[in-house]
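Novice: The amino acid sequence is not available; the structure is as follows:
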């Protein structure tokens, strides 16, 4: 069975590793191209870059004979999920969408939820504050509209310099992060407020715990609607979905 995995998350990496040595599947991993040196696995084809919207993806699926798709993109990658749902529906291809559960506030948390990064920038207010900004490199541009604040920005890849607010400290790092390190980071930079996206998962949750421990407010950007049909919560469930699909397909063909 030819499988397309839309990746860029820990779930996508786990699914790809699991399927890499499985003779039942011929796997293509697709990445958006935001990581400079993506890891590769033997036996897994790697595709980097966009498809050209839903129409381009539908054409590519037909051209390559893809028989199933797993959308394991980031919770905030709403556009590719919409395009994938439309393209797979047009081609009659089964689609599984991985949506990790969102974080939920604990009683001690001081969350202020907003819909967009632009709303988050506005929620910082007019008084200068020291802000820990963990929204991904594509989201930092929204904070140029709030230049009075000092930002500590953490990102896997460096943001475009033209998108940065004027007063920044840049930290390049990839999770998982541990609680004490996050407490030390927030304390040493004298952070007043944390701004982050509700990505869910364990890899970066320590910053939420650290803010709770330090009684810091968190401006939480809620995730957009994720299009799809069959939804699962993690990599294991996605692999199980694919195994059931393969077994059903063989049964229907009388194999």
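Specialist: Okay, I see it. It should be emphasised that the depicted structure is a prediction, and the values quoted were computed from it without experimental measurement.
Novice: average pLDDT across stretch 208-223?
Specialist: The average pLDDT within stretch 208-223 is 98.
Novice: what about it, how long is it end to end?
Specialist: Across its full length, stretch 208-223 reaches 16 Å between end residues, using Cα to Cα, to the nearest Å.
Novice: before we move on, what about stretch 136-153?
Specialist: Taking Cα to Cα, stretch 136-153 runs 9 Å from one end to the other.
Novice: just the helices in the chain please.
Specialist: 10-20, 53-64, 78-91, 117-123, 179-188, 206-213, 235-252 (DSSP state H).
Novice: and of those, who's closest to residue 130?
Specialist: helix 179-188 (9.5 Å; Cβ to Cβ). Any C-beta I mention is one placed from the backbone N, CA and C, and that applies to glycine too.
Novice: what ranges do the strands span in the stretch 101-250 of the chain?
Specialist: With strands called from DSSP state E, counting those that start in this stretch, the stretch 101-250 of the chain shows them at 110-114, 130-134, 150-155, 168-172, 193-197, 217-221, 230-232.
Novice: So for the second one, what gets flagged as buried?
Specialist: Buried residues in strand 130-134, counting neighbours by 16 or more other Cβ atoms under 10 Å, are found at 130, 131, 132, 133, 134.
Novice: Identify the residues contacting the first one.
Specialist: Put plainly, it is residue 130. Shown in contact with residue 130 (Cβ atoms under 8 Å, 6 or more residues apart in numbering): 149, 150, 152, 189, 190, 191, 192, 193.
Novice: And this structure, split by domain according to the record?
Specialist: Using automatic domain parsing, the domain parsing of the chain gives 2-101+225-252, 110-221.
Novice: Is it possible to get a markdown table of the helices of the chain that adds distance to residue 33 and mean neighbour count?
Specialist: Listed next are the helices of the chain as a markdown table, based on distance: least, Cβ to Cβ, whole Å; neighbours: other Cβ atoms under 10 Å:
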| stretch | distance to residue 33 | mean neighbour count |
| --- | --- | --- |
| helix 10-20 | 14 | 20 |
| helix 53-64 | 15 | 16 |
| helix 78-91 | 12 | 19 |
| helix 117-123 | 21 | 19 |
| helix 179-188 | 29 | 15 |
| helix 206-213 | 26 | 20 |
| helix 235-252 | 22 | 15 |
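Novice: And these, which one averages the lowest pLDDT?
Specialist: Among the helices of the chain, helix 235-252 scores lowest, with a mean of 90.
Novice: Distance from the chain centre to it, please.
Specialist: What separates the centre of helix 235-252 from the centre of its chain is 24 Å, taken as Cα atoms, centre = their mean, to the nearest Å.
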